[in-house]
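A.B. asks: Fold the following for me, if possible:
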Amino acid sequence: MILPTHKKAPKYRDFTRGFEAGLHKISQYYDHTASSNAHIMMMLVDPAQKLHHIHTYWGEELLAQALQYAEAIYKE
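C.D. replies: Model (predicted):
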């Protein structure tokens, strides 16, 4: 994987535009999943794995928001 700190290295110079385009596309998909009811609910389906991921990488505040949001979706 080419890390952002390496994209200016001479051996990766030819790949810089593709690398940046890929990061932009990943960012777009991430934004879509963050606003998806289905994605949020599926992240909470298997508490042994998904909830741990949210807790570890999102932090306490986003975890609390995700749980409140999931509860509201479930009540609909």
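
A.B. asks: next one: the helix ranked longest in the chain to chain centre, how far?
C.D. replies: Using DSSP state H, we find that the single longest helix of the chain is helix 16-34. Average the C-alpha atoms of helix 16-34, do the same for its chain, and the two points are 11 Å apart (C-alpha atoms, centre = their mean, to the nearest Å).

A.B. asks: contacts for whichever helix or strand comes after it?
C.D. replies: Going down the chain from helix 16-34, the next helix or strand is helix 37-45, by DSSP states H and E. Helix 37-45 is contacted by residues T33, K50, L51, H53, I54, A66, L67, Y69, A70, I73, Y74 when judged by C-beta atoms under 8 Å, 6 or more residues apart in numbering. Placement of C-beta: from N, CA and C, glycine included.

A.B. asks: got the buried residues for the helix or strand just after helix 37-45?
C.D. replies: Next in sequence after helix 37-45, counting helices and strands by DSSP H and E, comes helix 52-58. By neighbour count with 16 or more other C-beta atoms under 10 Å, helix 52-58 contains the buried residues I54.

A.B. asks: swap in stretch 15-31?
C.D. replies: F19.

A.B. asks: Report the rounded mean pLDDT for it.
C.D. replies: Across stretch 15-31, pLDDT averages out at 83.
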